[in-house]
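Undergrad: Below are the sequence and a predicted model; questions follow.
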Amino acid sequence: MERKKLVLVGNGMAGVRCIEEILKIDAEAFDITVFGSEPHPNYNRILLSTVLQGDTSIQDITLNEMSWYAENNIKLYTGETVIKIDPDQQLLFTDLGKEVFYDQLILATGSQPFMLPIPGAVKEGVTAFRDIKDCETMIAAAQNYKKAVVIGGGLLGLEAARGLINLGMKVDVVHLTGQLMDRQLDLVASDLLKKELESQGMNFLLEKQTEEIFGGKRAEGLRFKDGSTVDADLVVMAVGIKPNVQLAKDSGIPVNRGIVVDDYLQTEIPNVYAVGECAEHREMVYGLVAPLYEQGKILAERITGLKNRKYEGSVISTQLKVSGVDVFSAGQFMESEHTKAIKIHDDVEGIYKKIVFQNNKVIGAVLFGDIQDGPRLLKMILEKVDVSGLPKIAVLATPSEDTAESAVVSMPASEVVCGCNGVTKGEICEAIVTQDLKTVDQVRDCTNASRSCGGCKPVVAELLEYTLGDDFDYSEQKEAICSCTTLSREEVIEEIRTKDLKFVKEVMHVLDWKEKEGCSKCRPALNYYLGMINPAQYEDESASRFVNERLHANIQKDGTYSVVPRMYGGVTTAEDLRKIANVAEAYNVPMIKLTGGQRIDLLGIKKEDLPNVWADLDMPSGYAYAKSLRTVKTCVGEQFCRFGTQDSTQMGIDLEKKFERLNTPHKVKMSVSACPRNCAESGIKDLGIVGVDGGWELYVGGNGGTHLRAGDLLCTVQTKEEVITMAAAFLQYYRETANYLERTSKWIERVGLEHVREVLFDEESRSQLVERIEEALVYTQDPWKEIIGSKETREKLFESLKV
Ligand SMILES: Cc1cc2nc3c(=O)[nH]c(=O)nc-3n(C[C@H](O)[C@H](O)[C@H](O)COP(=O)(O)OP(=O)(O)OC[C@H]3O[C@@H](n4cnc5c(N)ncnc54)[C@H](O)[C@@H]3O)c2cc1C
Ligand SMILES: NC(=O)c1ccc[n+]([C@@H]2O[C@H](COP(=O)([O-])OP(=O)(O)OC[C@H]3O[C@@H](n4cnc5c(N)ncnc54)[C@H](O)[C@@H]3O)[C@@H](O)[C@H]2O)c1
Ligand code: SF4
Ligand code: FES
């Protein structure tokens, strides 16, 4: 029998999830065709925020590879838009001239970003934040421009702003009201959020209505209704979304704000359904995946004839995806004359909790600073639990106070762990046991838990640990290093070791990479891992490095380079200063600047002049461009400062001389202060050393950049030799166990300070780490000297430029 023809319009998260649910119920039921305007297979739109924030790459957010469509006999037409439907003939028409018959039609056309209809809105440099293209536009703009303005202080605007800060831009967020995330938070939570985001470098312009985007061809700034202005090279509009209903409207399918559907997700037109952000159900249009997935599941059951469940609307909960900010909101969180509320506000810890009740039932909640209670409260809202018998405070308290482990133990089986996909603890635990699952990825593939925003991953991992007990293996919790392979970092390293692989291409070939040439994520990572594993045999593959590392200088926005010579411990001499001045004059250096790491930066050097500048300077490379030790900042110390208890300057010089040029997973900054006044800011360095009476304190994992983090006290030692040994062991352990591009601040949070201590305090493992770092240090060379001395490299990299 010929199969019925099912057509999906809209290759996004909601529509494709509905198809997945249909395939799960009956893979043979339909002959399926999918049209999508975007040129990509179905991808995780939610993770665009994470891409912008630098935590993942575009390659890694695909949800369904092209092969998935092929394997399920789905005809996929990407980059093709359906422009008209003829409901009488059951035909649809595309912009590329196709005419397709359907038995059943699902509209999942999603939303469009709302663009303010103001003068200048179409200028270059104005973008929405909705799709891969917008994300790429912002990433490219951040390479050439410095100042961004995000209009809209909702979820999207704040996530965009955080991403742009991570990309090195200065960001103002313009918001219409005085309250950020006004659709999700009350005033108190909103103020706490504002303070936290300001401390992360975001600047807010509240109660501002944008009247115009001014500039030439490209945006240069915004003018507000009150007459004030602000500069902007990039303007991101994040002021809400509007359902994509034009196709339905043009085809006579009833629309209101969205495409109107009944409790079976059916439109008034026979055989035409709608799910996702484009659908309007009981006058509600949703903009989060949880309700959309619920709709998709119910429609799949209906369309395959499995069940006739009704969709009765959803209670939504939201969380902001900005690291360091814990905020949760669910249900009806604003108070009214009919409601009562419990509020806790701990200003010292920065915690705020509000739970709103009506008729003895929890109807909404806002949490800031501690969101552990979120899932439990959401469950109470969903189940309309009567709390009249409970002491009110018990509603707020997390059942078990101490460890995360005990929190999952006491969690009831019916509690939803993955809000996006509606997966409960019970379902996850059952799948772990019955399907013999061992990793978070396996749980994701089997249950969908953690497949969307990823926020529930830590709880899924805890559930694995709790369910498997002694069978839980940390080393198995793998994440592929990029989408070219399914192998994790640990597996790749193991393969390199056992198969004695030596070159990036060889690794990709032997380990059967999906993309033969690899990608910008795996190539530099493999190059690093090869060098770390086998320093003696390693040949650096410059082609696998980022441009700054290939040219041993930092590229600037106008295409020139900056040159920073090494000044050990931040100490210089009259002779070196003279050389720098001579070079600056000879090469017309437009700016000489002191860096935050106590070095001198010569900015604006032409690419072809780099080798001659290095030769004339006759100083070692300062590695300001590299994933390596950048600088060791020092305070003046006991020699001159009356508070100094130690010789911090000499300690800094010795450390820098010892560890310079060593490849590390990311840049490494160090500093040495000679007393707890800490003038060299040792608390925010990867390795910060502070002199105390009779010894030195070592702080690790600090970061003064975008992810501000105070370093953890690793240990206190007495002698300089002990400092150097502990620093060596720490650096080597970081080199061996961190993911490529993982700063020590993130790494230490992932592996845990206690674990690092255990390894470094064990005499045997410490001495082995020191032995391995010593071996790696033998093979380092100054790259500037190497290039000056090699005619071939010079010609290849620089001289071909000369006309
Ligand atoms: C940056 C960002 C972060 C987000 N973060 C979260 C989050 O943390 N949690 C959360 O729950 N939600 C989040 N969301 C919202 C979530 O991504 C959306 O709710 C979800 O993607 C909507 O799915 P959809 O399939 O309805 O629509 P879409 O994902 O918009 O898909 C619709 C698709 O249909 C295509 N289309 C439209 N018309 C046609 C046509 N006529 N012919 C062919 N194709 C057509 C469109 O091009 C589009 O690809 C976020 C959104 C963004 C942009
Ligand atoms: N973490 C998450 O769950 C997440 C993240 C990103 C996006 N999203 C979803 O994506 C969609 C779009 O997000 P959004 O933040 O754009 O929508 P939104 O409607 O939640 O927020 C838009 C904000 O812009 C403000 N605004 C409106 N007009 C303005 C103007 N002229 N000037 C300044 N501010 C103005 C509004 O007051 C509102 O707070 C939503 O459905 C959202 O739920 C969710
Ligand atoms: S850290 Fe202490 S010793 Fe060093 S400069 Fe500051 S006050 Fe002086
Ligand atoms: S909560 Fe978003 S993926 Fe689980």
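TA: Received, thanks. Numbering: from 1, shown residues only. Ligands and ions are numbered 1, 2, ... in the order given.
Undergrad: how about Thr94, what does it touch?
TA: Thr94 sits next to Phe35, Tyr77, Glu80, Thr81, Val82, Ile83, Val100 when contact means Cβ atoms under 8 Å, 6 or more residues apart in numbering. For every residue, glycine as well, the C-beta is placed using N, CA and C.
Undergrad: so what pLDDT did it get?
TA: According to the prediction, Thr94 has pLDDT 98.
Undergrad: if we can go back for a sec, which entries within the contacts of Thr94 meet the buried criterion?
TA: By neighbour count, with 16 or more other Cβ atoms under 10 Å, the contacts of Thr94 hold Phe35, Tyr77, Glu80, Thr81, Val82, Val100 as buried.
Undergrad: which residue ranges form the strands in the stretch 451-600 of the chain?
TA: Counting by DSSP state E, counting those that start in this stretch, the stretch 451-600 of the chain has strands at residues 554-555, 561-563, 591-594, 600-605.
Undergrad: Alpha carbons of the third one, in PDB - could you do that?
TA: Only the C-alpha atoms of strand 591-594 are listed here, as PDB (Å, rounded to 0.1, in the frame of the first residue of the first chain):
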ATOM      1  CA  MET A 591      51.700  53.500  19.300                       C
ATOM      2  CA  ILE A 592      53.900  52.300  22.100                       C
ATOM      3  CA  LYS A 593      51.800  51.000  25.000                       C
ATOM      4  CA  LEU A 594      52.300  49.500  28.400                       C
END
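Undergrad: what about that strand, distance to the chain center?
TA: How far strand 591-594 lies from its chain's middle: 33 Å, per Cα atoms, centre = their mean, to the nearest Å.
Undergrad: And the longest one, by the same measure?
TA: Taking the mean C-alpha point of strand 600-605 and that of its whole chain, the gap between them comes to 31 Å (Cα atoms, centre = their mean).
Undergrad: Name the residues that touch it?
TA: By Cβ under 8 Å, 6+ apart, strand 600-605 touches 553, 556, 558, 560-565, 567, 572, 580, 583-584, 587, 589-595, 613, 624.
Undergrad: Kindly report the same for stretch 266-274.
TA: Contacts with stretch 266-274, where a contact means Cβ under 8 Å, 6+ apart, come from 85, 87, 90, 102-108, 248, 252-254, 258-261, 264-265, 299, 302-303.
Undergrad: Please give me every residue in contact with Trp50.
TA: Not quite, residue 50 is Thr, not Trp. So Thr50 contacts Thr56, Ile61, Lys321, Gly454 (Cβ under 8 Å, 6+ apart).
Undergrad: What sits closest to the third one if chain neighbours are left out?
TA: Spelled out, it's Lys321. Using Cβ to Cβ, 6 or more residues apart in numbering and skipping residues adjacent in sequence, the residue nearest Lys321 is Ser49, 5.1 Å away.
Undergrad: Now restrict the contacts of strand 600-605 to buried residues only.
TA: Looks like the contacts of strand 600-605 have 553, 560-565, 567, 572, 580, 583-584, 587, 589, 595, 613, 624 buried, using 16+ other Cβ under 10 Å.
Undergrad: Checking Ala680 next. Helix, strand or coil?
TA: With DSSP: H, G, I helix; E, B strand; the rest coil as the basis, the three-state label of Ala680 is coil.
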